[in-house]
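A.B. asks: Here is my input; please provide its structure:
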Amino acid sequence: MFFSHHEPHALAAIPSDAITTYSNRVFAVIVARRLLLPTQQPLGDSESLQCQYCHKTTHGMGCRCRYDAPDIYGDHAFSCARGRGERGKWHDGLRDVWMMLGSMAGASISKEVSGFLPSSNMRADLVISDSLTSSTTLFDVRTCDPTKHNSSENICRESAAVPGASAEHEAAGKNKKWRASCQQMGLRFVSLCHESGGRMSQATTTFLDSLVHRSGGSTSDQARFRTFASQRLACANASGMAKLILSFNNHIRRSDGAVVRSARDVRLPQVPEAPIGSHRQRLAPTRAAVSPVEDFERDSAERNTTFIAHTSPVHQDPLENWRDGTASALGHVPELGRTPE
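C.D. replies: Residues are numbered from 1 along each chain as shown. Model prediction:
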């Protein structure tokens, strides 16, 4: 589950720069979202959660009596209409990573450029001017939530049936808004859509493929660039999503309306610790158990080694003891002065 088939990079990247490094609180939220766990302590039966921005309220553990009401999993932070100021930080992080990747691939890229559409006040997040093809492409970075649903549409139901439906739905909406004006000016338009879970729209994946091809080099060089780019995009997306959830200082209230506590310190459900003194004591290292035969053979080898070292000088005949023992057994006395054979 940690390294799923659609987004394996956010938790697999080695922390080597500011983009791939998380704080403890951010990492806890990322892991909780990946495991589908609540990002704060569960609510009691008589408690409710109220958003600090839109003041919508939900009751109980997971009940969402109103559309886009706050919840203990943090999904409300992605769709709150009055909390878009914090949502911009998630968007800006992805935009800056795309600009870095475009520069590394050798593209002439700039951000937050206006004036390309005289008949509209819309401003593109990124602009790439390609001198080889004499074309200019405008890009709009979008973040979207697969669990979004309201009275007019239910993206959550579509995303549950079709992976990536939220990103494609957002891309279709942006194309409808931008493409006609861009075609009048001879411009191209691409919407770079990222879901909170890490999926990207098909147009976003195609643009990443074009950057990999533009980077040049051998096949292995392009593979390294793809891995580098995928990890930075995934980490920026996951980090921005977690920081957005942490920025919501929701209030937990009782049924009488009194504020019980604040949900600013987002905490994962804690596993009860074992009572003090219930752990097994560490035992001193003991001699490994061996069979009686192995023990006897080892002791015999140690005794023989000691006997030879202390009673057998270099000039002594190693067969002398054997001859003496054999002669004694046969009742003969060895001849004195005989040269050993």
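A.B. asks: any weak-confidence spans in the stretch 101-250 of the chain?
C.D. replies: Within the stretch 101-250 of the chain, the segments meeting pLDDT under 70 span 150-151.
A.B. asks: ok, which stretches of it are helices?
C.D. replies: 155-161, 165-184, 202-215, 219-246 (DSSP state H, counting those that start in this stretch).
A.B. asks: Quick one: closest of those to Lys148.
C.D. replies: Minimum separation from Lys148 across the helices of the stretch 101-250 of the chain (Cβ to Cβ) falls at helix 155-161, 4.4 Å. Yep, even glycine has a C-beta here, placed from its N, CA and C like the rest.
A.B. asks: counting contacts, what elements does that closest one pack onto?
C.D. replies: On a contact count with 3 or more Cβ pairs under 8 Å, 6 or more residues apart in numbering; DSSP states H and E, helix 155-161 meets helix 165-184.
A.B. asks: tell me which residues of the helix it packs on are tucked away?
C.D. replies: Ala165, Ser166, Ala167, Glu168, His169, Glu170, Ala171, Lys174, Asn175, Trp178, Ser181, Cys182 (16 or more other Cβ atoms under 10 Å).
A.B. asks: Farthest pair within those residues?
C.D. replies: Maximum distance among the buried residues of helix 165-184 (Cβ to Cβ): 26.1 Å, for Ala165 and Ser181.
A.B. asks: among the helices of the stretch 101-250 of the chain, which is nearest Met100?
C.D. replies: helix 219-246 (7.4 Å).
A.B. asks: Against which helices or strands is the closest one packed?
C.D. replies: helix 24-34, helix 76-79, helix 84-104, strand 135-144, helix 202-215.
A.B. asks: please redo it, this time with the cut-off set to 7 Å
C.D. replies: If you count contacts as 3 or more Cβ pairs under 7 Å, 6 or more residues apart in numbering; DSSP states H and E, helix 219-246 packs onto helix 24-34, helix 84-104, helix 202-215.
A.B. asks: Next, the angle from the last one to helix 84-104.
C.D. replies: In terms of direction (axes from the mean of the first three to the mean of the last three Cα atoms, to 10 degrees), helix 202-215 departs from helix 84-104 by 30 degrees.
A.B. asks: ok, how many other residues are close to the residue nearest to Arg157 when sequence neighbours are not counted?
C.D. replies: Nearest non-adjacent residue to Arg157, counting by Cβ to Cβ, 6 or more residues apart in numbering: His149, 7.2 Å away. Per other Cβ atoms under 10 Å, the neighbour tally for His149 reads 19.
A.B. asks: could you say which helix or strand contains the nearest residue to Ala234 once chain neighbours are set aside?
C.D. replies: Residue nearest to Ala234 in three dimensions, not counting chain neighbours: His9, with 3.8 Å by Cβ to Cβ, 6+ apart. If you go by DSSP states H and E, His9 is not part of any helix or strand.
A.B. asks: same thing with the one 5 residues further on?
C.D. replies: Element membership of Ile14, judged by DSSP H and E, is empty: it is in no helix or strand.
A.B. asks: Give me the distance between it and Ser23.
C.D. replies: Note on Ile14: its distance to Ser23, by Cβ to Cβ, to the nearest Å, is 17 Å.
A.B. asks: which one of these two has more residues nearby?
C.D. replies: Neighbour totals were compared for Ile14 and Ser23, and Ser23 leads with 12 against 8 (other Cβ under 10 Å).
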